[in-house]
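A.B. asks: return a 3D structure for these sequence lines:
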Amino acid sequence: AEYGENKTGLLEKNLCLMNIGGDEIFDYVIEVQLVRDDNKMVPKISWSFPEKITEQVVLKSVPVFCFPELNSIDTSLNLDSERHSDETFSFVLTLSDGGKRFGYCRRFWRSKENMVAECYCLLSFCQAFSLFSQILKCVNKKREVGGYKSVHTFLHSILAQPFPEPG
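C.D. replies: Reported below is the predicted structural model:
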């Protein structure tokens, strides 16, 4: 069950906050874009909050999880918006110590000269799909309207807030 949707919500919140040291609700928000590399499409991190990512598992794994069906995407860069709709999904990274880190993704297709596939991914030790989905929608809107500076301000304000109570 999702965080806050059952009677163990308080327990889930406490376990989540113990995993993250009680400080921050998420670790990273990452923007991944599909870019052409030779004759294939490759997912690359194009932006992140915070700016410096030091964890190799994040650098290597997350871009692939943002586009798991990569082999079936047309390599001609003629990405038809009719075939690809915006979507929100999640995945779980299993850590070497058996712990879990949850990835929440908001993927969309920007219309420029060609369609460009982009994905925002939020990583957290907390299970809160609805909450993080809303945050990622806001990140997308803030970037469209105010650019990355607006996104940074928004994400800093979220980290300053306590984790929401269940319910």
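A.B. asks: check which helix or strand covers the residue most central in space within the chain.
C.D. replies: Taking CA atoms, centre = their mean, the centroid of the chain lies closest to residue 121, which sits 1.2 Å from it. Residue 121 belongs to strand 115-124 when assigned by DSSP states H and E.
A.B. asks: so for that strand, what gets flagged as buried?
C.D. replies: Buried residues in strand 115-124, counting neighbours by 16 or more other CB atoms under 10 Å, are found at 115, 117-124. Every C-beta, even on glycine, is put in place using the N, C-alpha and C of the backbone.
A.B. asks: return the list of strands paired to it, each annotated with direction.
C.D. replies: strand 28-37 (antiparallel), strand 100-111 (antiparallel) (DSSP bridges).
A.B. asks: so which of those comes closest to residue 54?
C.D. replies: Nearest of the strands paired with strand 115-124 to residue 54, taken as CB to CB: strand 28-37 at 10.2 Å.
A.B. asks: by contact count, what packs against the next helix-or-strand element following the closest one?
C.D. replies: Using DSSP H and E, the next helix or strand after strand 28-37 towards the C-terminus is strand 40-49. Contact analysis of strand 40-49 by 3 or more CB pairs under 8 Å, 6 or more residues apart in numbering; DSSP states H and E lists strand 28-37, helix 56-66, strand 115-124, helix 129-159 as its packing neighbours.
A.B. asks: cool, thanks, signing off.
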